[in-house]
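A.B. asks: need coordinates for the following:
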Amino acid sequence: MKTIAIFASGTGTNAVNLLEEQRRFPQVQVGCVVVDTLTSKLPELLAQRFPQLAVYRIIPDRTLSGAQKKAEHEGRILEKLRAHAVEWILLAGYMRIVGPVLLEAFPDRIINIHPSLLPQYPGLHGYERAFSDKVSSGVTIHFVDGGLDTGPVILQKSFPRFDTDSLSDFIERGKRVEWELYPEILRRISHNLLAGE
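C.D. replies: So this is what the prediction gives:
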């Protein structure tokens, strides 16, 4: 059995999709979900849909700053992950750059999903930037390293931009690709097919 943690922010659509898809892979279990924004309604949603799931809302200490703040925040997360014997972390819309504490604790075992065909449009608003540039886009799943969306690519899939698209049409098409692509990582973890094994 492989135990993963899902890190999420905002609406958590990728987190919910992974939790639904995880049922297809009995060799993988979600040990916990970490949510780090006060405004997210995700913990309440998950409590309703997955009542046995451990969900932690872990907020950075605002009295700290810089590297100290990140290290303290990630240290608190790491305690929860160790309590659940987590082996892999899947970032699902997690809006923070992962720092040294977690990178050192989970070398080559943190995976992110990104809304562009990296190395195009790293950072925020990948779909919006592609739409503005009037180009097709895609989804990338990659290992996390110390850079901004610079880790080795695991999977990529493109999707088109049509002249008749609104921005919301374009983003929705990207979301459908995300929901299709990310569960493949669960399959690969369950069958020991990733480099971090």
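A.B. asks: next one: phi and psi at residue 137?
C.D. replies: Note on residue 137: its backbone torsions stand at phi -140, psi -160 [degrees, to the nearest 10].
A.B. asks: what's the burial count for it?
C.D. replies: Per other CB atoms under 10 Å, the neighbour tally for residue 137 reads 25. For every residue, glycine as well, the C-beta is placed using N, CA and C.
A.B. asks: heads up, I number from 11, so please use that
C.D. replies: Right, with 11 as the first residue, what we last looked at is residue 147.
A.B. asks: find the nearest non-adjacent residue to it, please.
C.D. replies: In this structure, residue 147 finds its nearest non-sequential neighbour in residue 140, 3.8 Å apart by CB to CB, 6 or more residues apart in numbering.
A.B. asks: just the pLDDT for that neighbour.
C.D. replies: As predicted, residue 140 sits at a pLDDT of 98.
A.B. asks: tell me the buried residues in stretch 84-101?
C.D. replies: Of all the residues in stretch 84-101, those buried under the rule 16 or more other CB atoms under 10 Å are 84, 86-88, 90-91, 94, 96-101.
A.B. asks: chain center to stretch 132-149: distance?
C.D. replies: Chain-centre distance of stretch 132-149: 18 Å, with CA atoms, centre = their mean, to the nearest Å.
A.B. asks: whoops, stretch 25-32 was the one
C.D. replies: Worked out by CA atoms, centre = their mean, stretch 25-32 lies 12 Å from the chain centre.
A.B. asks: kind regards, and thank you for your time.
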